[in-house]
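Peer 1: Based on what follows, work out the 3D shape:
(3 chains)
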Amino acid sequence: MIVLFTDFGTTGPYMGQMRARIQDLASKEQIIDLMVDAPAFNVSASAKLLAGLVKPMPKEAIYVCVVDPGVGSDRRALCIKTQYGWFVGPDNGLFEYIIRNDSSSMVYEIIWRPDELSSSFHGRDLFGPVAAMLASQQEFEKNLIDKDTLVELDDKDEPGQVIYIDCYGNCWTDIDATTLSKSDLIIYNGIEISFSRVFSDTAVGTLFWYVNSSGFVEIAKNQGHGAQQLNIALGSRFTIKK
Amino acid sequence: MIVLFTDFGTTGPYMGQMRARIQDLASKEQIIDLMVDAPAFNVSASAKLLAGLVKPMPKEAIYVCVVDPGVGSDRRALCIKTQYGWFVGPDNGLFEYIIRNDSSSMVYEIIWRPDELSSSFHGRDLFGPVAAMLASQQEFEKNLIDKDTLVELDDKDEPGQVIYIDCYGNCWTDIDATTLSKSDLIIYNGIEISFSRVFSDTAVGTLFWYVNSSGFVEIAKNQGHGAQQLNIALGSRFTIKK
Amino acid sequence: MIVLFTDFGTTGPYMGQMRARIQDLASKEQIIDLMVDAPAFNVSASAKLLAGLVKPMPKEAIYVCVVDPGVGSDRRALCIKTQYGWFVGPDNGLFEYIIRNDSSSMVYEIIWRPDELSSSFHGRDLFGPVAAMLASQQEFEKNLIDKDTLVELDDKDEPGQVIYIDCYGNCWTDIDATTLSKSDLIIYNGIEISFSRVFSDTAVGTLFWYVNSSGFVEIAKNQGHGAQQLNIALGSRFTIKK
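Peer 2: Below you'll find the model as predicted:
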């Protein structure tokens, strides 16, 4: 299974061109879009999301991950072997949390290049074909590299940030739900938000936080748009009251 | 073929996580998104849409249907054998019209549970895997139940409502097109809307009603946004003038 | 591989119903959405886009192309054999540039009709099934026709128009990038826009033009919405300063 994680959006030909290229090279392989609206240009939030999202996924998938504002520059191309499967994408910090979560992961620089490499679409021309070669156990030139040489994210803050707002207006945070207890409150702009196990345990219109199905603490509103009501945007910071 | 009908939207990881889980369990099966923007939280409109949409579909598909504001409560999980194939989803009325349209349908409560069941994502953790087991003819625990015990929709009104507004602004109604004649008018807010066979039989900008490709009466505007012009929203009621 | 190019949008059941019909008739075939937001009702812009997009695609795909405001009228249905593969869709000019780019292409009128043909959804009922029959090398009734009899586009202007605005706000133009040199400027509303090789060669917020990954000249803004800043819409015209 080849799994795609990108900020290409739901429209335009980008996902289709990448899928067609991969499918052409790995005709039997199933291709799944995990997410096409990872936070655009925001490698840090995308990196946190990716690390959480892979946990409930099938083992041994091959991930093509493209949140890559530096495409066309001389940043390296990576493929990484982990307990979750392979990850293919740019050396810009996108895999930082994946690698931290799996100390036995092995990081390779991709040396192979296709005959035609556009300067702006490495998802289609480079990362996608590498995923297809991995899926079909085909050799390609790559070098094992030292993890200390990887580009690091510029986000050494404590957790406490919104990293994704979904189409319902629910706010995914970068807090691992196992680190909070049910009595903890989330404080945003002076508003106290308390825990509920599920949407249907609250009255319609209630703000609450809960443990979402990917293990993140999530701020939600039952049958309403939490982000709009609270005026929360991607990157908004909040605090925890124990 | 496994067919998905949900209100998960076009963005976020929800469809991808569900598809990946299903594909992992039924690796050869083709998975088709029939609709990802069924009316959210609106089980009644979704139930009417679903019953109409399956008619022109291939026979013997396995449908995973998730419009489920009560996820995490103790509502039952169902799988239903019908002449259109199998349907898997919550016991909240979503299958009411499917069952009415096929008196020989058989309704089962799903007893099987996965090792890990999130409280908010039964599409990925429960309904999807059940669809995969049905596709691969794998046994799982389920009980035949009496249809009289099913949760019923709270919508015993006469038809005459908009149940979906598509991206062009065309308004799907809950009127079965076989019940109207071409001389009938639709009256909305005092405006009389008459029949046209196809878009291209009208002048650009004309409002008309026609029989859409799924058998519903649909209110449309040629190359324009009918819902905006008429100020129609999901659930808007209209009358028929014979 | 069956490739879909439509203006059906990302929501609603239209793509799903068409995909399900095709998959049912060609169960082993992979189906790829190349683009679902081709410029709606705008056959000319869609025709230019399509001709460019197929160039970096795998060879020998079967394309189902539906931008078809005249559906239900008596316009002909076509299938066309080209060096890029087969194209299936309406005789309304959508394939004009594909045919111009391949003088050896052969154009057929589709005579075959399904048992049930809706008046408004030939993608599902006619073009999709024809693609499935082509994929499975199944015979169906068609007539070779003279290219001089094809419906022609009403757009004999010089190139110099925006034909697609993507979700980032980047503006695809109808200029083949091989016809410009890097010193050429694009002039829009008196604003001079100069060349950059890639996004990452410019400062954040810079407007520039570049050669996009499909070979089009594209007007973009690094990490910003170029179309909004310039007030560009689909069809906006600009000039080139050599």
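
Peer 1: Nearest residue to the residue in chain A positioned nearest to chain B in space, please, no chain neighbours.
Peer 2: Proximity to chain B, evaluated over chain A using CB to the nearest CB, is greatest for A:Val198 at 3.0 Å. (Each C-beta comes from the backbone N, C-alpha and C, glycine too.) Of all residues beyond its chain neighbours, the one nearest A:Val198 is B:Gly72 (3.0 Å), with distances taken as CB to CB, 6 or more residues apart in numbering or on different chains.

Peer 1: residue contacts, the residue nearest the centre of chain A?
Peer 2: With the centre of chain A defined as its mean C-alpha position, the nearest residue by CA atoms, centre = their mean is A:Leu50, 2.5 Å away. A:Leu50 makes contact with A:5, A:38, A:63, A:65, A:94-95, A:97-98, according to CB atoms under 8 Å, 6 or more residues apart in numbering or on different chains.

Peer 1: Now, those that are in strands?
Peer 2: A:5, A:63, A:65 (DSSP state E).

Peer 1: returning to that earlier point: what is the neighbour count of the residue of chain A closest to chain B?
Peer 2: The local packing of A:Val198 (other CB atoms under 10 Å in any protein chain shown) involves 18 other residues.

Peer 1: same thing with the one 4 residues further on?
Peer 2: For A:Thr202, the number of neighbouring residues by other CB under 10 Å comes to 18.

Peer 1: my guess is it meets A:Gln223, correct?
Peer 2: No. The pair formed by A:Thr202 and A:Gln223 falls short of the contact definition of CB atoms under 8 Å, at 9.4 Å.

Peer 1: Please enumerate the strands of chain A.
Peer 2: Under the criterion DSSP E, strands of chain A are mapped to A:2-6, A:31-35, A:61-66, A:77-82, A:85-90, A:106-110, A:142-144, A:162-165, A:171-176, A:185-188, A:191-193, A:207-211, A:216-221, A:239-241.

Peer 1: so who does A:Val88 touch?
Peer 2: Counting by CB under 8 Å, 6+ apart, A:Val88 makes contact with A:62-65, A:77-80, A:110, A:127, A:130-131, A:134.

Peer 1: Of those, which is the most crowded?
Peer 2: For these, neighbours were counted using other CB under 10 Å, and A:Ala131 has the most, 31 neighbours in all.

Peer 1: show me the contacts for it.
Peer 2: Applying CB under 8 Å, 6+ apart, we find A:Ala131 in contact with A:2, A:22, A:26, A:62-64, A:86, A:88.

Peer 1: just A:Phe216 next, same as before
Peer 2: For A:Phe216, the residues meeting the contact criterion (CB under 8 Å, 6+ apart) are A:52, A:172-177.

Peer 1: ok, the ones in strands among the contacts of A:Leu50 vs chain C, which is closest?
Peer 2: A:Phe5 (16.5 Å).

Peer 1: Dig out what that closest one forms beta bridges with.
Peer 2: Beta-bridge partners for A:Phe5, by DSSP bridges, are A:Met35, A:Cys65.

Peer 1: Centre of the chain to stretch A:65-79, how far?
Peer 2: Shown here is stretch A:65-79, whose average C-alpha point lies 15 Å from the average C-alpha point of the whole chain (CA atoms, centre = their mean, to the nearest Å).

Peer 1: Show me which residues of chain A are close to chain B?
Peer 2: Residues of chain A lying close to chain B (CB under 8 Å from any CB of the partner chain) are A:1, A:3, A:10, A:30, A:32-37, A:53, A:56-58, A:61, A:164, A:166-168, A:197-201, A:210-214, A:223.

Peer 1: Emit the ChimeraX select command for whichever of those residues are buried.
Peer 2: To isolate the buried members of the residues of chain A next to chain B in ChimeraX, using 16 or more other CB atoms under 10 Å in any protein chain shown:
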select /A:1,3,10,30,32,33,34,35,36,37,53,56,57,58,61,164,166,167,168,198,199,200,210,211,212,213,214,223
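
Peer 1: neighbours of A:Lys142, just the number please.
Peer 2: Applying other CB under 10 Å, we find 17 residues neighbouring A:Lys142.

Peer 1: And the pLDDT for the closest residue in space to it that isn't next to it in sequence?
Peer 2: Here the nearest residue to A:Lys142 in space, its sequence neighbours aside, is A:Tyr108; by CB to CB, 6+ apart that works out to 4.1 Å. What the model reports as pLDDT for A:Tyr108 is 98.

Peer 1: which ones are touching the most far-flung residue of chain A relative to its centre?
Peer 2: With distances taken as CA atoms, centre = their mean, the residue sitting farthest from the centre of chain A turns out to be A:Ala203, at 31.6 Å. Taking CB under 8 Å, 6+ apart as the contact definition, A:Ala203 lies against A:Asn222.

Peer 1: And A:Lys147, by the same measure?
Peer 2: By CB under 8 Å, 6+ apart, the contact list for A:Lys147 reads A:99, A:107.

Peer 1: I am assuming A:Pro129 contacts A:Pro114, so please confirm or correct that.
Peer 2: Yes. Under the criterion of CB under 8 Å, A:Pro129 is in contact with A:Pro114, at a separation of 5.9 Å.
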